[in-house]
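In: Got a predicted model here, sequence first, then my questions.
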Amino acid sequence: MDNFAPVLIPTLNRHIHFKRCVESLSKCTHAQKTDLFIALDYPLKESHWEGYEKIKTYIPQIKGFKSAQVIERQENFGARENLQDARKRVFEDYDRIIVSEDDNEFSPNFLDYINKGLTFFENERSVIAICGYTHLILVPEHLEKTYFFRHGLAAWGFGITKSKYIFIDRYVNLDYVGKILMSPSNIFSLAQNNNYHLIGSLLSGFANNEVLEDIIIATFMNLNKFYCVSPGTSLVRNHGFDGTGIHCGKIKGENIYASQIISNNDYFEYGNLYRPMLDPIIKKEYEKFLKPSFRLKTTISLKYMFFIMKYYLPKKLKSVLNDDLSKS
């Protein structure tokens, strides 16, 4: 294996998270063969400055990588644009990339797993990404030391080739979100698999004119039988549920994501490669994991009914009226 993907970490002011993330990554197998890119956004408000300055001071001290380069903003880009612009720059020189949020902590075999997966599944059209995080589900014993497929993107540390990113990026927009929401059959399909969190996020994004990349990609995967690869034992734990993130809230009591058990192996063995398909046990486990509470299910169902009345029914009525006029 000689084609190692660069790692891109967007950040702003979460210096404790950022340092933990980088130092765990520097201890990964193949870190010394890996180029690290840091997209450092510019502070938007006064509270950002202290952490921002600490990150700027820490960056020159980073060691353990083939190279460490910073894309430093002179004005605030915002989280989404900071990531998008930096990713575009990286893809100018590389045909693959590993993207991580700054609040992740990695297993020693994370880079080995991602790079091997990008190569193994490069020509498998239905496999979009190689994801390092595995949710808190009960993975069957026969998959604990290997991998499985699922319809969804675990965005806490994942790798993707440039060609597959270009393919999937055409769907990452509000027009596609609108098309999904305007199709009751698509929404019913998502609901049947307990993907109410996707429906809720799509409704919220549409209402707020906000594109949530991982949500849209996960929706596309669910509706079109595309997959990501996930390890049987998670290779990432996340520390973001402390109130410092944009989309993560604050967990009261023990942070189950920050204390999640992850692999301590140096290398990842894929073993036999098999065609992408859902393991029935994994499918059931994710259905249980995603099962919404009655309150959440009712809330999202009501929100979608309002969407139907506001957008879907008027459009259908207009279409019927236009058909009648054309026939008269």
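Out: Structure received. Numbering: from 1, shown residues only.
In: what about this structure, any weak spots by pLDDT?
Out: 1, 243-253, 316-328 (pLDDT under 70).
In: Let's see that with 90 instead.
Out: Scanning the chain for pLDDT under 90 picks out 1-3, 142-145, 152, 193-194, 210-212, 240-258, 271-275, 310-328.
In: mind listing what's buried in stretch 265-278?
Out: 265, 268, 270, 276 (16 or more other CB atoms under 10 Å). Placement of C-beta: from N, CA and C, glycine included.
In: Next, the distance between the ends of it.
Out: This stretch, stretch 265-278, spans 26 Å end to end (CA to CA, to the nearest Å).
In: separation between Leu302 and Leu203?
Out: 10 Å (CB to CB, to the nearest Å).
In: Also Gln61?
Out: 44 Å.
In: neighbour-wise, which of these two wins?
Out: Leu203 (18 against 9; other CB atoms under 10 Å).
In: Run a quick check on the more buried one versus Met182, I expect a contact.
Out: No: if you go by CB atoms under 8 Å, Leu203 and Met182 don't touch, sitting 11.9 Å apart.
In: related to what we said a few turns ago, columns distance to Thr298 and secondary structure on top of the buried residues of stretch 265-278, output as a markdown table?
Out: Converted to a markdown table, these look like this (distance: CB to CB, whole Å; DSSP: H, G, I helix; E, B strand; the rest coil):
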| residue | distance to Thr298 | secondary structure |
| --- | --- | --- |
| Asn265 | 43 | coil |
| Phe268 | 42 | coil |
| Tyr270 | 42 | coil |
| Pro276 | 34 | coil |
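In: Out of those, the closest to Ile215 would be?
Out: Ile215 lies nearest to Pro276 out of these, by CB to CB, at 21.2 Å.
In: any idea how far the closest one lies from Asp95?
Out: Taken as CB to CB, the span from Pro276 to Asp95 is 21 Å.
In: Check Leu8 too.
Out: In terms of CB to CB, Leu8 sits 14 Å off from Asp95.
In: out of these two, which sits in the busier spot?
Out: Leu8 (22 against 13).
In: Which strand residues bridge that one?
Out: Beta-bridge partners of Leu8, counted by DSSP bridges, are Phe37, Val99.
In: In this structure it contacts Ile97, no?
Out: Yes: taking contacts as CB under 8 Å, Leu8 lies within contact range of Ile97: 5.9 Å.
In: Would you map the strands across the stretch 151-300 of the chain?
Out: 158-161, 227-231, 236-238 (DSSP state E, counting those that start in this stretch).
In: So which elements touch the shortest one?
Out: Put plainly, it is strand 236-238. Counting by 3 or more CB pairs under 8 Å, 6 or more residues apart in numbering; DSSP states H and E, the packing neighbours recorded for strand 236-238 are strand 104-106.
In: Likewise for the first one?
Out: Packing contacts for strand 158-161, counted by 3+ CB pairs under 8 Å, 6+ apart, involve strand 96-99, helix 110-120, strand 127-131.
In: Most tightly packed of these?
Out: Each of these was scored by mean neighbour count; the highest is strand 127-131, a mean of 26, by mean count of other CB atoms under 10 Å.
In: Give the partner strands of that strand in its sheet and their orientations.
Out: strand 158-161 (antiparallel), strand 227-231 (parallel).
In: Which residues does that strand contact?
Out: 113-114, 117-118, 121, 149, 153-160, 164, 167-168, 217, 221, 226-230, 276 (CB atoms under 8 Å, 6 or more residues apart in numbering).
In: same thing with stretch 20-31?
Out: 4, 7, 9, 34, 36, 62-65, 100-112, 115, 239, 266-267.
In: quick one: the helices in the protein?
Out: Secondary structure of the chain (DSSP state H): helices at 15-26, 49-58, 79-91, 110-120, 162-169, 174-181, 184-192, 196-207, 213-224, 280-290, 294-307, 313-327.
In: tell me the contacts of the closest residue to Asn186 other than its chain neighbours?
Out: In space, and not counting its chain neighbours, Asn186 is closest to Ile180: 5.2 Å by CB to CB, 6 or more residues apart in numbering. Neighbour list for Ile180: 186-187, 202, 219, 223 [criterion: CB under 8 Å, 6+ apart].
In: Which of those sits closest to His48?
Out: Closest to His48, out of all of the contacts of Ile180 and judged by CB to CB, is Leu202, at 29.6 Å.
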